[in-house]
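J.: generate coordinates for the sequence data below:
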Amino acid sequence: APNPRAHRSTAVAAMAQPLVVKKDDDLDEEEYYSPFLGIEKGAVLQEARVFHDPQLDARRCCQVITKLLYLLNQGDTFTKVEATEVFFATTKLFQSKDAGLRRMVYLMIKELSPSADEVIIVTSSLMKDMNSKTDMYRANAIRVLCRIIDSTLLTQIERYLKQAIVDKNPVVASAALVSGIYLLQTSPEVVKRWSNEVQEAVQSRAALVQFHALALLHQIRQNDRLAVSKLVTSLTRGSVRSPLAQCLLIRYTSQVIRESGVNTQGGDRPFFDFLESCLRNKAEMVILEAARAITDLNGVTSRELTPAITVLQLFLSSSKPVLRFAAVRTLNKVASTHPLAVTNCNIDMESLISDQNRSIATLAITTLLKTGNESSVDRLMKQMTNFMSDIADEFKIVVVEAIRSLCLKFPLKYRSLMNFLSNILREEGGFDYKKAIVDSIIILIRDIPDAKESGLFHLCEFIEDCEFTYLSTQILHFLGNEGPKTSDPSKYIRYIYNRVILENATVRASAVSTLAKFGALVDALKPRIFVLLRRCLFDGDDEVRDRATLYIKLLDGEATVGETEKDVTDFLFGSLDVPLANLEASLRNYEPSEVPFDISSVPKETKSQPLAEKKATGKKSTGPASAVNGPVPTIDASYEKLLSSIPEFAGFGKLFKSSTPFELTEAETEYSVNVVKHIYDGHVVLQYNCTNTIPEQLLEEVVVFVDASEAEEFSEVASKPLRSLPYDSPGQTFVAFEKPEGVLATGKFSNILKFIVKEVDSSTGEAEDDGVEDEYQLEDFEIISADYMLKVGVSNFRNAWESMDPESERVDEYGLGVRESLAEAVSAVISILGMQPCEGTDVVQNNSRSHTCLLSGVFIGNVKVLVRLSFGISGPKEVAMKLAVRSDDPEVSDRIHEIVANG
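T.: Predicted coordinates:
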């Protein structure tokens, strides 16, 4: 089909050809310059006057139009006057009978996008061309007309477009169909009337016509799932022969399969036989599309994968690079979820490691790393040694990540894999590449205990010549945590102290902290560490000196961070138990005074988003003033300040947690009410944020009557009504309940808003003296187990887990029943516990059949809790879970299991 953009490139190329310039006779290679270099809009507009010549020079006119199109596509804008002049000048070119110039005229009119009053001028010429005997004129005239006309003019030419769709000439039919796809965005009702003609075009023998017709027919029906299903059913019987159209049909079939799911009786998918039959097609593009569609099916089985893997394996040995790339890329994706299904292709993929195309080679090696067995690891490592020097950093990172996964899969092979990582760590490379290697080594050290000694040694060797400050400080921090636990910690001191002598201030400060950690944990090294730290007191950087001073006094027992050596160790090693964002916001809001900053006042809960007191759209927020849009901690602090100022609640003790607002009314109702649950050790205060959205009313004596009959462990002890609630002025009313301390009290609360309504005179704004008692039913809400848990993250879950008493650990297994997916099961358990996911473990890979999730939090009573969740799919969508809990209090560990068991 004629493509105007293609004509444009042809014209540009035609101009560029004679303008090849040889910059220097001595150069072997010719250098090409753009024919549009230094082009100016004003000069081109002057040249456009040739369009008015009585004797038109077609070649000259084509060159001027080419320059105009270049300016338009480079972002130059024409003023209204300039555009109009060029448009009218271009219309005069219809007088010429030159076919090449006529094609450029079509393109120019389409690009200028004339206004409605200008379109009329050119419409007659285009409609004349649309009925011309020259097919090229007809096709291009249709394309241009459909781009510039409005819906009223469209109805006048609709009859011609319908005829064009079923025209015998495929160029004309394709032009009409492509125009229909464009018009569907602006005039869908008109295009939908062409369904019969489009269906006829789908049966065309011309490949492009069938392709365009199928695309248009699907777009017409795309919002009707049943119609799409019927379309696919009718076409999968074999009436589509165009390879392009078959690729489209495969995509539409995949969509229908995804939406319909698996046949529950026979276990077969609808239309799967069609996808399988496409694997035997003559066209390579159809085979690849079908194989990709099968591998992308949700919950695809090994039996379904087998035919697709077989044809992809044949493509691996193809002489065409594009086929090899497509096949190995698809297999690489499959290997992540079904490695055993791809193992038959390993021999073919090994030959691709030496492929000239580095993208193919990288995909091949990473696929082999995913599918290889323990015996093939050493052979793969030898092949990769030379391979790594030939590829770019972005490919190297992919390989490194694959090696890390392989090492975790076969821990006994850690020596050869660790050596390989250490060798490439010493080679040239950018920051992202080096960071990927360092991260991989750190993960291997954490997950494979035997790899610790060799891994730490490789990292020490690396920082001797590391140019990246970030990586040096990361390794020093890790070395400080893991080095003292090794059999011979003293051998690392040399590497650490070298950083104090040779590096910049940031790395020196990090090295001082690492030395202090060795001194705190290894008594035999403490005298030597003292000597080294004292040398740091004379450093040129104040941060380094301050750290050295602090650590010397801590290790010497002069500074008081606690009563025991354990307190000193906790100070040095312990993770910050408050989120950094909360700490930063609290420090910003701290006003210098005689009272020192108290870190215990920083809220510990991790907020996934800024907490705002929600209410009806477009209304002012309710709750503590200035708390809504400020930083996260000020909200909790303002809650605590507000509650402590109310005498009835002042004796409840320290506020443990405030929930996010829960809406008790729908949007745009007469009154907007949400509730915030404030949790104390022995009490719960319910804060009802109310907004009156009716201008003609004033509410007085506003109170919420709470029915706690379904929350037996709670007893109401206080209520604070709201005296007055004018229009659009938020206010709060409170109800307090007592609950047994140490008991995980839960239950449902029913709510009725009661008040006195007074009419307000709109002219004076004064309310009437007499009012009427009224009430408004609110939604129910619950206090759940998650309300007693703060979301508090930890920076290093493994260290935090190991530092907790193993005696507090409680482990049990649970069946979670049938779930839509593993991700849905993980999300449900996290929601029940109300804890903070750590290290991104809340994200589950697609089609994964097992997953480990790490959670941390603080239970009411300020008890730290860590949870390891191991999920697995045991049957058809049956999810099993192993739950391991450690906490500061074994009773809390038991309670976490009770919450899950009852959840």
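
J.: helices of the stretch 651-800 of the chain, start to end?
T.: Per DSSP state H, counting those that start in this stretch, the stretch 651-800 of the chain carries helices over the ranges 797-803.

J.: hang on, G747 packs against A708?
T.: Yes - counting by Cβ atoms under 8 Å, G747 touches A708, with 6.7 Å between them. Using the backbone N, CA and C atoms, a C-beta is placed for each residue, glycine as well.

J.: which residues do these two both contact?
T.: Contact criterion Cβ atoms under 8 Å, 6 or more residues apart in numbering; residues shared by G747 and A708: F714.

J.: residues near L525, how many?
T.: 19 (other Cβ atoms under 10 Å).

J.: that's a helix at it, yeah?
T.: Yes - note on L525: a helix contains this position according to DSSP: H, G, I helix; E, B strand; the rest coil.

J.: grab the nearest non-local neighbour of it.
T.: Closest residue to L525 apart from its sequence neighbours, by Cβ to Cβ, 6 or more residues apart in numbering: F518 at 5.5 Å.

J.: ok, now which ones touch that neighbour?
T.: Taking Cβ under 8 Å, 6+ apart, one finds G480, G483, P484, P489, Y492, I493, I496, L525, I529 in contact with F518.

J.: narrow those residues to those in helices?
T.: G480, I493, I496, I529 (DSSP state H).

J.: from P890, how far off is the closest residue in space to S785 that isn't next to it in sequence?
T.: Spatial nearest neighbour of S785, excluding adjacent residues (Cβ to Cβ, 6+ apart): I899 at 4.5 Å. Separation of I899 from P890 (Cβ to Cβ, to the nearest Å) stands at 15 Å.

J.: buried set for whichever strand or helix holds A164?
T.: Using DSSP states H and E, A164 falls within helix 151-165. Neighbour counts over helix 151-165 (16 or more other Cβ atoms under 10 Å) mark L153, L154, I157, E158, Y160, L161, K162, A164, I165 as buried.

J.: same check, this time on stretch 820-827
T.: Neighbour-count burial for stretch 820-827 flags S821, L822, A823, A825, V826, S827 (criterion: 16+ other Cβ under 10 Å).

J.: quick check, nearest of the residues you listed to D681?
T.: Of all the buried residues of stretch 820-827, S827 has the smallest distance to D681: 29.6 Å, by Cβ to Cβ.

J.: next up, the contacts around that closest one.
T.: Going by Cβ under 8 Å, 6+ apart, S827 touches D842.

J.: pLDDT of the strand or helix carrying it, averaged?
T.: Using DSSP H and E, S827 sits in helix 822-833. In this model, helix 822-833 carries a mean pLDDT of 89.

J.: give me the spatial nearest neighbour of E759, chain neighbours excluded.
T.: E759 sits nearest to E768 (Cβ to Cβ, 6+ apart), 4.9 Å away.

J.: from E701, how far off is the one you found?
T.: The value you get for E768 to E701, if Cβ to Cβ is used, is 15 Å.

J.: and L833, by the same measure?
T.: 40 Å.

J.: now A207, nearest residue through space, not along the chain?
T.: S242 (3.8 Å).

J.: contact partners for the one you found?
T.: S242 neighbours (Cβ under 8 Å, 6+ apart): A206, A207, L208, Q210, F211.

J.: nearest residue to the first one other than its sequence neighbours?
T.: Pointing back at A206 there. Nearest non-adjacent residue to A206 (Cβ to Cβ, 6+ apart): P170, at 3.5 Å.

J.: isn't the one you found up against H212?
T.: No - the pair formed by P170 and H212 falls short of the contact definition of Cβ under 8 Å, at 9.6 Å.

J.: more neighbours, the two?
T.: Taking neighbours as other Cβ under 10 Å, P170 and H212 compare with H212 leading, 31 against 20.

J.: leaving out the residues flanking it, which one is nearest to that one?
T.: L177 (3.8 Å).

J.: which SSE is the one you found in?
T.: Using DSSP H and E, L177 falls in helix 170-183.

J.: so what's the residue count around E663?
T.: 17.

J.: what's across from it in the sheet?
T.: As for beta bridges, E663 partners with N674 under DSSP bridges.
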